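Asker: any chance you can model this:
(chains A and B)
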Amino acid sequence: MEAEVNMETQDYIDGVRSRNRRMVAKTITLIESSLPSHQESAKAIVDALLPHAGKAVRIGITGVPGVGKSTYIESFGLQLVKQGHRVAVLAVDPSSSKSGGSIMGDKTRMERLSLEQNAFIRPSPSGGTLGGVARRTRETIVVCEAAGYDVIIVETVGVGQSETTVASMVDFFLVLMLAGAGDELQGIKKGVLELADAIAINKADGNNITNAQKAKIEYEKALSLLTPSSKTWSPPVLTCSAVTMDGVDEIWQTILEHRRKMEATGELNEKRRKQSLDWMWALVEEGLIDRFYKNPGVEKSLPKIVKSVEDGKTGPTIAAHKLLYLHDLCFSESDYKG
Amino acid sequence: MLIDRKIEHFVKRAGRRPRILVSSIGKKQHDQDTRLLATIFAGRGFDVDISPLHQTPRGTARMAIENDVHIICFLSTENKHKQLVMELAEELQSEQAENVRIVVGGAIPRSDYKFLYAAGVDLILSSVQANEGEINQLLDLLEK
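Answerer: As a prediction, the model looks like this:
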């Protein structure tokens, strides 16, 4: 049996507060667990840690596969550690929908950072549900902050809706791009650019520097067409190289400047308050879905109704209506397991 | 019992999939064998972490703790497995993580088996891959 089952909630809280690496890891495991009893403990732990969180700089980093996210985070993280920061890197890896398993390779490119005393890197399998990831990552941020990490980096693969989710839990959202592909703007969604607090053209080294400069101008043009989400901040386009370290510090300075401005205008507070609300709504949605599946009435009839839609005997609209009706019907009498 | 059923059972009990760290401990470069091994485990429903290169026993133990894995698995190179296993077991112990299972594979001579089991290895793979029977055994080990 896993040891965490027997440990007391207070042990986790004390462990995290005393910056014990193993206890931070175990607490994250608890947060990620699908067992109701673990989730119950996790809720209590996160709640107790919440007053000790909130002081870190939260940075979201996205980019298409191959843009060099992990290598960039390695360079960026090492530099921050050198400056005396404590850095936590959280990364979400998609699980296979076929086997349910996953391969998490984030650390393969974070060779040096993963050995730093003041760094903590934790990849997490997405487990199939995007909603679940959002809750778990938010709670994990709280745990890392309570454990004294003052820079939290949330890495996301540049596919699907994950960018929006991550942007809704960080202070600064950095989008990494590549130059030299020709059609600079092809393949990126306008939505991602709207979320960006800065764009960085990565791999601006060697023969690629000219291309990176060209791409910078293209992206600047593209950004100028968008209405910035803040009156005080227009997202800049920067170039960097995780290999030569050129521009890496400039990005950190940009993040700090963004923070100073946002703090001065009160926008940071406002953003975080809004994010608390996002968090609440995400929990409500997740809870509703959970209740739906655990509802005895739904549970009983679900396979039958699913089969009937598959066979073409019932239309999807009628079936959905039926299921929701069943849920409402059992609402009062069902004593939820979760 | 089928592997799928065992994994399902594990998830119900532990609240997550069995998580395994496939480490390139002792290796100088990423090799096909280590990657293939990781793919096999992921394909059977494990959550798989792959370690960075130039991994030491200490680095491997730390990563195992940080990612909270159930198992560490690595392939023997240059006949250093005895030394590496001893160091790894020691590192895990000093971090109070001795419940992490150790699996080694690759070209390991039969004559080393006794030594390795005594040093803390839980399972020895007969080749550079993990076959059905071995994955079954591994899942049984996790229930103990």
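Asker: tell me the SS of the closest residue to A:Glu267 other than its chain neighbours?
Answerer: Leaving aside its chain neighbours, A:Glu267 sits nearest to A:Ser230 (6.0 Å; criterion: Cβ to Cβ, 6 or more residues apart in numbering or on different chains). C-beta here means a position set from N, CA and C on the backbone, and glycine is covered the same way. Classification of A:Ser230 by DSSP: H, G, I helix; E, B strand; the rest coil places it in coil.
Asker: quick check: A:Ser230 touching A:Met262?
Answerer: Yes. Contact between A:Ser230 and A:Met262 holds when scored by Cβ atoms under 8 Å: they sit 7.4 Å apart.
Asker: tally of neighbours for the closest residue to chain A within chain B?
Answerer: Among the residues of chain B, B:Gly15 lies closest to chain A, at 3.2 Å counting by Cβ to the nearest Cβ. Number of residues near B:Gly15 (other Cβ atoms under 10 Å in any protein chain shown) recorded here: 20.
Asker: give me the neighbour count for the nearest residue to it once chain neighbours are set aside.
Answerer: Of all residues not flanking B:Gly15 in the chain, A:Ser33 sits nearest, at 3.2 Å (Cβ to Cβ, 6+ apart). Neighbours of A:Ser33 under the rule other Cβ under 10 Å: 21.
Asker: and the one 4 residues further on, by the same measure?
Answerer: A:Ser37 has 11 neighbouring residues, counting by other Cβ under 10 Å.
Asker: so does the host helix or strand of it get close to chain B?
Answerer: Under the criterion of DSSP states H and E, A:Ser37 resides in helix A:36-49. Yes. For helix A:36-49, a contact with chain B is found by Cβ under 8 Å from any Cβ of the partner chain, at A:His38.
Asker: quick one: strands adjacent to the next helix or strand after that helix?
Answerer: Counting by DSSP H and E, the next helix or strand C-terminal to helix A:36-49 is strand A:57-63. When sheet partners are counted by DSSP bridges, strand A:57-63 sits next to strand A:151-157 (parallel), strand A:172-178 (parallel).
Asker: helices or strands next to the helix or strand following strand A:57-63 in the packing?
Answerer: Later in the chain than strand A:57-63, the nearest helix or strand by DSSP H and E is helix A:69-82. Applying 3 or more Cβ pairs under 8 Å, 6 or more residues apart in numbering or on different chains; DSSP states H and E, we find helix A:69-82 packed against strand A:57-63, strand A:87-93, strand A:151-157, helix A:248-265.
Asker: residues from chain A in reach of chain B?
Answerer: Residues of chain A found near chain B (Cβ under 8 Å from any Cβ) are A:1-3, A:21-22, A:25-26, A:28-29, A:32-35, A:38, A:95-96, A:99-105, A:107-111, A:114-115, A:120-123, A:125.
Asker: contacts only, for the residue nearest to B:Gly15.
Answerer: For A:Ser33, the contact set (Cβ atoms under 8 Å, 6 or more residues apart in numbering or on different chains) comprises A:Gln39, A:Ala42, B:Ala14, B:Gly15, B:Arg16.
Asker: for B:Ile108, grab phi and psi.
Answerer: phi -110, psi 120 (degrees, to the nearest 10).
Asker: the nearest residue in space to it that is not next to it in sequence: neighbour count?
Answerer: Excluding its sequence neighbours, the residue lying closest to B:Ile108 (Cβ to Cβ, 6+ apart) is B:Ser76, at 5.4 Å. Residues near B:Ser76, counting by other Cβ under 10 Å, number 23.
Asker: cool, the one 5 residues further on as well?
Answerer: B:His81: 27 surrounding residues under other Cβ under 10 Å.
Asker: between A:Ser230 and A:Met262, which one's more packed in?
Answerer: A side-by-side neighbour count of A:Ser230 and A:Met262, using other Cβ under 10 Å, places A:Met262 first with 21 against 15.
Asker: do I have it right that that one meets A:Trp233?
Answerer: Yes. Between A:Met262 and A:Trp233 there is a contact under Cβ under 8 Å: 7.1 Å.
Asker: list the residues that contact A:Val92.
Answerer: Counted by Cβ under 8 Å, 6+ apart, A:Val92 has contacts A:Pro123, A:Ser124, A:Pro125, A:Ser126, A:Val133, A:Thr137, A:Val154, A:Glu155, A:Thr156, A:Val157, A:Ser162.
Asker: name the nearest of those residues relative to B:Met86.
Answerer: Closest to B:Met86 out of the contacts of A:Val92 is A:Pro123 (28.2 Å), distances taken as Cβ to Cβ.
Asker: my read is the closest one is in a strand, agree?
Answerer: Yes. Under three-state DSSP, A:Pro123 falls within a strand.
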